[in-house]
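Student: Following is a predicted model, sequence given first.
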Protein chains: 2
Amino acid sequence: MKKIAILTVVLMAATATFAQQNLFGPAQVKSPEINADKTVTFRLQAPKAVKVEVTGDFLPTQKIETPFGTFDAPGVAQLKEGKDGVWEFTTPTPVAPELYTYTFKVDGLTIIDPANVYVNRDINNLSSILLVDGNELTNHFKVNDVPHGTVSRIWYHSAHEGIDRRLTVYTPAGYETSGKRYPVFYLLHGIGGDEEAWLTQGRATQILDNLIAEGKAEPMIVVMTNGNISQRAAPGEGPEGMIPVTMQLPKTMEGTFETCFPEIVKFIDKTYRTKAQKKYRAIGGLSMGGYHSCHISKQYPEMFNYVGLFSAAINRESGVSEIYENFDQKLDVQFSKKNRPALYYIAIGNTDFLYKDNMEFKAKLEAKGYPFVYKETDGGHIWRNWRIYLDDFAPRLFK
Amino acid sequence: MKKIAILTVVLMAATATFAQQNLFGPAQVKSPEINADKTVTFRLQAPKAVKVEVTGDFLPTQKIETPFGTFDAPGVAQLKEGKDGVWEFTTPTPVAPELYTYTFKVDGLTIIDPANVYVNRDINNLSSILLVDGNELTNHFKVNDVPHGTVSRIWYHSAHEGIDRRLTVYTPAGYETSGKRYPVFYLLHGIGGDEEAWLTQGRATQILDNLIAEGKAEPMIVVMTNGNISQRAAPGEGPEGMIPVTMQLPKTMEGTFETCFPEIVKFIDKTYRTKAQKKYRAIGGLSMGGYHSCHISKQYPEMFNYVGLFSAAINRESGVSEIYENFDQKLDVQFSKKNRPALYYIAIGNTDFLYKDNMEFKAKLEAKGYPFVYKETDGGHIWRNWRIYLDDFAPRLFK
């Protein structure tokens, strides 16, 4: 065993890019540490720092005033310097089960936690991940010892745009050898997101694996599209290269993605063993993805039997498109006896800045007597809610 | 268009975790910036910092002395403070085409570049990515406008270990609908790595896509295993959860992985449309993966027709296993007329700490008159070399 120990050290010196630190620098601190009482300790070794703070959604929110209104922002806590220049903060009370993100601020410079390799990218923001386990919902965020589906990144050709584009496809455990056909759920991201968003922050793989293993959701294929139609793939994964990430891309909410969505459905039905009928198709998404789901399902009323609007950006079109014309008449067709979806689902947080728009849309459906399921949660326009909605929506499909 | 602009800003405030910075803080700097003359500028906004350095493998190496010998480590350059607290460094000369990683050191604290969302994890080290394009090799690291294969994360059951384990599988463009069968290349990582390593630092997807599109490599399935047999999946992707990443796991070079490798081959042949004969199977890997490839191909001489040892950790077993017994006799069987592989490939860098071991192994093969291909490159035990070897080895397979 000595041989391997020496090999390990030598390999560390040779392979780790900044090996001298690992080998000869101070030992890395443990951060974050979830303590036995479910408080969490954050640590940063920064002997020369004057002020170190941690900010993240595990802390009580603070109000920030902006020209566009008042928003909730994550709270801030101070780390205290201890020996060897290790700064530390322990939450005064247990942290509730949730998937959180956080960063440190060191003398004004925002950084991720250097001791934590689990990094989240939300559009152009990097942050460190903290998963506190302990209730049924957060148990669904974990990779449990259950059968696992396969997650594939596959490219389709958009004839409409003349480019190849990337999709993320979840096929349920057993798909490869079962010989069976499966229903398909198209799951759409929000503005600034891409075909990776539901996997990373959404924990879609884990939620689906767990729901299916528990018998709560039907085994289904889940197709995570890229809703920025001018973009081939997520940042760094397309021919655009490793370019800076911007929030707003051209052609996101101006009708093109919605118009050529049937290309994707056709590709999936050709490529996977799907049940290729409306009865077995669902579409849902968050924010811009909820908006897309609304317009696509309305434009192609014979295509989807289940529609999910998660904090949908109702009424936010940025361009003129045939897709957006005659909204009410199309809605009437979608909800006609012939086409009426088995489930039309609207979910929103009670402090979401889109709450009022969703209330108006809800009132419209009510006035027309169109059936839908409505779910309201605490909080705003945040991933925490979108994971709840996915966990709640998926079990309602294909039953 | 005004509507969408306002929506964007509001969504930024609402969705970005630390939105107030994006909206109301100073504009983010651009870093890294590849200039027209192929010099590269690094920038960091840190008004309160006293000293800011950048270190990375784009800089000339520096020698470091350790109890285990002298190693090359990346060089260090100083950033200079300009206006608004923006620190800057531009390389004095053009940076040669390559995939690099780098970090900043701010008053002694090592951080990734906050302006660069492209992050590399090498075992337990995070660093920022810089891809400088410009020659044939680095062109293969890019996502070019060519047909793209599918990359899947799929789980197999190890009956030997009694656990489900994760694999990364590349299927070439057209696989899903071609109806054809394909040869299979098993591509193995080094110690501390996992089934993600060849994708991220190895750029295996891009290299294969490009080689196949150029007609240089045969369309093939590439299976990237996890060689840490006690581990279910890459860090954060298995039931172990988001635990700290360690270099050395139990059961990595003590024979178990090699012993039960046929489970993986059987799973792949059952699950994918493979050409399930020795003639159409290759195995290769870097460092520990080269060691694994050597032992697996020797233990099962009827299984692989192509064997690649990239900077292989020859003679480094850490436990007693039937796998490691009678090395020379097994080599004789592997190279017997009946079993002799179509290609036995050994590649190593001329400053690799494993160079001497590989020379001894090479001499042994020569003494026995066993044919092999040998490739020597500059440099040490680094990803830069392993990408070269993959790019050189893959075109030699299945021809």
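Tutor: All right, it came through fine.

Student: Around chain B, pick out the residues from the stretch 151-300 of chain A.
Tutor: Neighbours of chain B within the stretch 151-300 of chain A, by Cβ under 8 Å from any Cβ of the partner chain: A:151-155, A:164, A:166, A:173, A:176-177, A:190-192, A:232-233, A:235-239, A:241-242, A:244-245, A:247-248, A:253, A:270-271, A:287. Every residue, glycine included, has its C-beta placed from N, CA and C.

Student: Next step: the residues you listed restricted to strands.
Tutor: Using DSSP state E, A:Val151, A:Ser152, A:Arg153, A:Ile154, A:Trp155, A:Asp164, A:Arg166 are the members of these that sit in strands.

Student: Check these against B:Ala276 and report the nearest one.
Tutor: Nearest to B:Ala276 among those is A:Ser152, at 21.8 Å by Cβ to Cβ.

Student: bridging residues for the residue nearest to the closest one when sequence neighbours are not counted?
Tutor: Closest residue to A:Ser152 apart from its sequence neighbours, by Cβ to Cβ, 6 or more residues apart in numbering or on different chains: B:Ser152 at 4.1 Å. Counting by DSSP bridges, B:Ser152 is bridged to A:Ser152, B:Val169.

Student: coming back round to it: need the max-distance pair from the ones in strands among the residues of the stretch 151-300 of chain A next to chain B.
Tutor: Farthest apart among those by Cβ to Cβ are A:Val151 and A:Asp164. That separation is 19.3 Å.

Student: In helices, which of the residues of the stretch 151-300 of chain A next to chain B fall?
Tutor: Among these, the members found in helices (DSSP state H) are A:Glu176, A:Thr177, A:Lys270, A:Thr271.

Student: Contact partners for the third one?
Tutor: What that stands for is A:Lys270. Contacts for A:Lys270 (Cβ atoms under 8 Å, 6 or more residues apart in numbering or on different chains) come out as B:Thr177.

Student: Neighbour count: A:Val151 and A:Asp164, which is higher?
Tutor: Between A:Val151 and A:Asp164, A:Val151 has the larger neighbour count (other Cβ atoms under 10 Å in any protein chain shown), namely 22 against 19.

Student: Settle this for me: the more buried one is touching A:Thr205, isn't it.
Tutor: Yes: shown here, A:Val151 and A:Thr205 form a contact pair, counting by Cβ atoms under 8 Å, at 5.5 Å.

Student: Could you name every residue contacting both of the two?
Tutor: With Cβ under 8 Å, 6+ apart as the test, A:Val151 and A:Thr205 both reach A:Tyr170, A:Leu199.

Student: before we move on, back to that, quick check on the ones in helices among the residues of the stretch 151-300 of chain A next to chain B: which are buried?
Tutor: Buried members of those, scored by 16 or more other Cβ atoms under 10 Å in any protein chain shown, are A:Thr271.

Student: any chance of the ones in helices among the residues of the stretch 151-300 of chain A next to chain B in CSV, plus distance to B:Asn339 and pLDDT?
Tutor: As requested, those are exported to CSV (distance: Cβ to Cβ, whole Å; pLDDT from 0 to 100):
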residue, distance to B:Asn339, pLDDT
A:Glu176, 31, 96
A:Thr177, 31, 94
A:Lys270, 42, 97
A:Thr271, 39, 98
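
Student: Could you export the ones in helices among the residues of the stretch 151-300 of chain A next to chain B as a markdown table, including distance to A:Asn339?
Tutor: Output for these, formatted as a markdown table (distance: Cβ to Cβ, whole Å):
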| residue | distance to A:Asn339 |
| --- | --- |
| A:Glu176 | 34 |
| A:Thr177 | 36 |
| A:Lys270 | 24 |
| A:Thr271 | 26 |
